[in-house]
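K.L.:
Below: sequence and its predicted model.
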Number of protein chains: 2
Amino acid sequence: MRDDAAILRPDPGTDLVLSADAVVAGIHFPAETPPDTIARRAMRVNLSDLAAKGARPRGYTLVLQLPEIVDESWLSAFAGGLAAEQDEFAVTLLGGDTTCTPGPLAITINMIGQVSKNKMIKRSGAHEDDDVFVTGCIGDAMLGLACAMGRLTFDDPADAAVLESRFYHPDPRMNVGPALIGLASASADVSDGLIADLGHICVASGFAADIVEELVPLSATARSLTKDDLSLRTALLTGGDDYEIVFTAPVSARKAVSIVAVETGVPITRIGRISKRNREGPAVAVRNAAGDIVEVGHGGYRHFGNGVAG
Amino acid sequence: MRDDAAILRPDPGTDLVLSADAVVAGIHFPAETPPDTIARRAMRVNLSDLAAKGARPRGYTLVLQLPEIVDESWLSAFAGGLAAEQDEFAVTLLGGDTTCTPGPLAITINMIGQVSKNKMIKRSGAHEDDDVFVTGCIGDAMLGLACAMGRLTFDDPADAAVLESRFYHPDPRMNVGPALIGLASASADVSDGLIADLGHICVASGFAADIVEELVPLSATARSLTKDDLSLRTALLTGGDDYEIVFTAPVSARKAVSIVAVETGVPITRIGRISKRNREGPAVAVRNAAGDIVEVGHGGYRHFGNGVAG
């Protein structure tokens, strides 16, 4: 039997790092999502937070609010999903709490990791003229959710399945984050949307950013879908749920960043630059190839119930 | 602006200790509870967990699920309640997350404290013949909730107010817990009910416990209410929400325990003894003055919606 509280002891020369995130059925994922998928996604979303800070995960606490509809078989499948992720990411369950609720299923995870002492990559370290990079590609999760909700269909169901998997089974960049220590000046994971999360970096750092829409990496499917729909392409930048890492780094680090991409096997793309905050309006400006500012919808957190283009 | 993750660094010679608890409106407290009271109670419930482990609090993460009905003035009062407790208990907010929910308001707190290295008081350390002690008095919170729900009334409203305050504004025993390091063999806070929480200690330690009902400390009001209602007196032992500390200690520590009571100003009462687990049935036996076993309802967690005697 677990105790009421868990002991945490950082390894010598490290700091512990703590993130906290909640996901609610019907808000953050469709209520009919299978329990093992819910568990795995909740873990991965929280692991991504640590990765962006350069930390390696160690353990987590889990607080569950369970509606009456949850039964033994649901719980067993949910626990199986957790166990799979614990194995894959070498994290242990440190404690938690379970209550019933008349509301929707909700899962709160506090993920604890560790990072070399004083080396956590903060949001607040970006400097003028730093490059802006992003890992992987942006927008597939938003499109995958649209598929899951029947708002976007493909002739070949395999195309939809790939996108849906990007929503349900994000791939937190656990190897990239720690490799960026000493290179990245600021970092965040892309959960609220590329524009919003880069915006957090800008606000925390006291700067602005310009990104070039054409440089934002899209998957082949996303590129083909948005070829004739420029507003959808822009929408992908605010979509969220990508769980990629957006980070800034001085120009002098370009070569080292490209080596990180090669060594981790994760594409890293330069998409823009940090600038002085000397204009009105949002901290992040999106520009087209001609250098004109592209209008984007409000970035930031988006309920999946709200309109997903498609 | 806060970062996505917080750094935790234990002071030299200490371990960090982490607890996690959720409270849901309508389950753990009446939905109409004022926001500052909700905030303060949620903090105190989590602080109590740490106190029972011998730890001193440092900080916390806060995850809020807010229904639509919550507005600016609610949030402002809630934040005021948090701020008051942060000051009183010298803890800082380390991070968190806020989401909306179609369900009830829910608050998840992970409280982080620290304790001298390897000194956390566990549930699992009780030994045969250890004494069982409890701080303060038991049952007022359950009676206070009954008052708040209109199931129990007094001629003098001040009597009800005192009991209600024991439910809404528990007094976590922050000074007692650390003073018990080196004395207590096992410890837990009384959240689920005296019988249930002592039962957790017994199960984790592999022993049983006998407690003497007449020795369990009651307030004057509770004593007068239960004078002619023995079943209510027994019910108080399973009521929960007391946020006292139940602990075990070897007989040789009796004098030192009494000194802790004097020095902290918190009453500590010896209520029973740890015994071999050589009988069927529940781990905790409640006996009357004649030594006969008293029937108790099932201990453990109790929704406030379920019948509260009164």
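P.N.:
Right, received. Where do you want to start?

K.L.:
hmm, stretch A:240-248 in reach of chain B?
P.N.:
No - judged by CB under 8 Å from any CB of the partner chain, stretch A:240-248 stays clear of chain B, getting no closer than 10.8 Å. (C-beta placed from N, C-alpha, C; glycine too.)

K.L.:
Could you chop chain A up by domain?
P.N.:
What automatic domain parsing lists as the domains of chain A is A:14-116, A:131-287.

K.L.:
State the mean pLDDT of the longest one.
P.N.:
On average, the pLDDT along domain A:131-287 is 95.

K.L.:
cool, and the first one?
P.N.:
Per-residue pLDDT values over domain A:14-116 give a mean of 95.

K.L.:
any chance you could map the helices in the stretch 201-310 of chain A?
P.N.:
Ranges of helices within the stretch 201-310 of chain A are A:220-225, A:230-236, A:254-264, based on DSSP state H, counting those that start in this stretch.

K.L.:
As a markdown table, those with mean neighbour count would be great.
P.N.:
Converted to a markdown table, these look like this (neighbours: other CB atoms under 10 Å in any protein chain shown):
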| stretch | mean neighbour count |
| --- | --- |
| helix A:220-225 | 16 |
| helix A:230-236 | 19 |
| helix A:254-264 | 14 |
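
K.L.:
For those, give me CSV that also has distance to chain B.
P.N.:
Below are those laid out as CSV (distance: least, CB to the nearest CB, whole Å):
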stretch, distance to chain B
helix A:220-225, 25
helix A:230-236, 21
helix A:254-264, 20
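
K.L.:
closest to B:Pro250 out of those helices?
P.N.:
Nearest to B:Pro250, of all the helices of the stretch 201-310 of chain A, is helix A:254-264, at 54.7 Å by CB to CB.

K.L.:
What is the neighbour count of the closest residue to chain B within the stretch 51-200 of chain A?
P.N.:
Taking CB to the nearest CB, chain B has its nearest neighbour within the stretch 51-200 of chain A at A:Gly103, 1.4 Å off. The tally of other residues near A:Gly103 (other CB atoms under 10 Å in any protein chain shown) stands at 23.

K.L.:
what does the one 10 residues further on give?
P.N.:
Burial of A:Gly113, expressed as a neighbour count using other CB under 10 Å, amounts to 31.

K.L.:
Contacts only, for the residue of the stretch 51-200 of chain A closest to chain B.
P.N.:
A:65, A:67, B:24, B:65, B:101-104, B:106 (CB atoms under 8 Å, 6 or more residues apart in numbering or on different chains).

K.L.:
That one: which element?
P.N.:
Using DSSP states H and E, A:Gly103 falls within no helix or strand.

K.L.:
Distance of it relative to B:Val176?
P.N.:
In this view, A:Gly103 and B:Val176 are 36 Å apart by CB to CB, to the nearest Å.

K.L.:
Which residue, neighbours along the chain excluded, lies closest to the residue of the stretch 51-200 of chain A closest to chain B?
P.N.:
B:Gly103 (1.4 Å; CB to CB, 6 or more residues apart in numbering or on different chains).

K.L.:
phi, psi of the one you found?
P.N.:
In terms of degrees, to the nearest 10, the main-chain angles of B:Gly103 are phi -90, psi -160.

K.L.:
Run through the residues that contact the residue nearest to A:Glu263 when sequence neighbours are not counted.
P.N.:
Nearest-residue entry for A:Glu263: A:Ala179, 6.9 Å, with adjacent residues in sequence omitted and distances by CB to CB, 6+ apart. If a contact means CB under 8 Å, 6+ apart, then A:Ala179 has A:260, A:263-264 as its contacts.

K.L.:
now A:Val70
P.N.:
Going by CB under 8 Å, 6+ apart, A:Val70 touches A:Leu105.

K.L.:
And the residue of the stretch 151-300 of chain A closest to chain B?
P.N.:
Residue nearest to chain B within the stretch 151-300 of chain A (CB to the nearest CB): A:Ala204, separated by 4.9 Å.

K.L.:
so that residue sits right up against A:Ala186, yeah?
P.N.:
Yes - with contact defined as CB atoms under 8 Å, A:Ala204 reaches A:Ala186; the gap is 7.3 Å.

K.L.:
More neighbours: those two, which one.
P.N.:
The neighbour comparison of A:Ala204 against A:Ala186 (other CB under 10 Å) goes to A:Ala186, with 27 against 20.

K.L.:
circling back: okay, and the common contacts of A:Ala204 and A:Ala186?
P.N.:
By CB under 8 Å, 6+ apart, the residues touching both A:Ala204 and A:Ala186 are A:122-124, A:126.

K.L.:
re the thing from before, of all the helices of the stretch 201-310 of chain A, which one is nearest A:Pro157?
P.N.:
helix A:220-225 (12.8 Å).

K.L.:
Give the closest residue to the residue nearest the centre of chain A in space, chain neighbours not counted.
P.N.:
Centroid-nearest residue in chain A, with CA atoms, centre = their mean: A:Tyr243, separated by 2.2 Å. Distances taken as CB to CB, 6+ apart put A:Pro170 closest to A:Tyr243, at 3.8 Å, once the chain neighbours are dropped.

K.L.:
cool, and A:Leu143?
P.N.:
Leaving aside its sequence neighbours, A:Leu143 sits nearest to A:Leu163 (CB to CB, 6+ apart; 4.8 Å).

K.L.:
quick one: A:Thr226 and A:Leu232 touch, right?
P.N.:
Yes - with contact defined as CB under 8 Å, A:Thr226 reaches A:Leu232; the gap is 4.9 Å.

K.L.:
What count of nearby residues applies to A:Ala52?
P.N.:
That count, for A:Ala52 with other CB under 10 Å as the rule, works out to 34.

K.L.:
re the thing from before, show me just the buried residues among the shared contacts of A:Ala204 and A:Ala186.
P.N.:
A:122-123, A:126 (16 or more other CB atoms under 10 Å in any protein chain shown).

K.L.:
Just those residues: which are in helices?
P.N.:
Among those, no member falls in helices (criterion: DSSP state H).

K.L.:
I'd like those residues as CSV, with distance to B:Gly281 and pLDDT appended.
P.N.:
Formatted as CSV, these follow (distance: CB to CB, whole Å; pLDDT from 0 to 100):
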residue, distance to B:Gly281, pLDDT
A:Lys122, 56, 96
A:Arg123, 56, 96
A:Ala126, 63, 98
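
K.L.:
Could I get the contacting residues of A:Ala51?
P.N.:
Applying CB under 8 Å, 6+ apart, the residues contacting A:Ala51 are A:172-174, A:176-178, A:189, A:245.

K.L.:
Name the residues of the stretch 51-200 of chain A found near chain B, please.
P.N.:
So far as CB under 8 Å from any CB goes, the stretch 51-200 of chain A lies against chain B at A:52-53, A:55, A:61-63, A:65, A:94-97, A:99-104, A:106, A:108, A:110, A:112-113, A:117, A:120, A:122-124, A:188-189, A:200.
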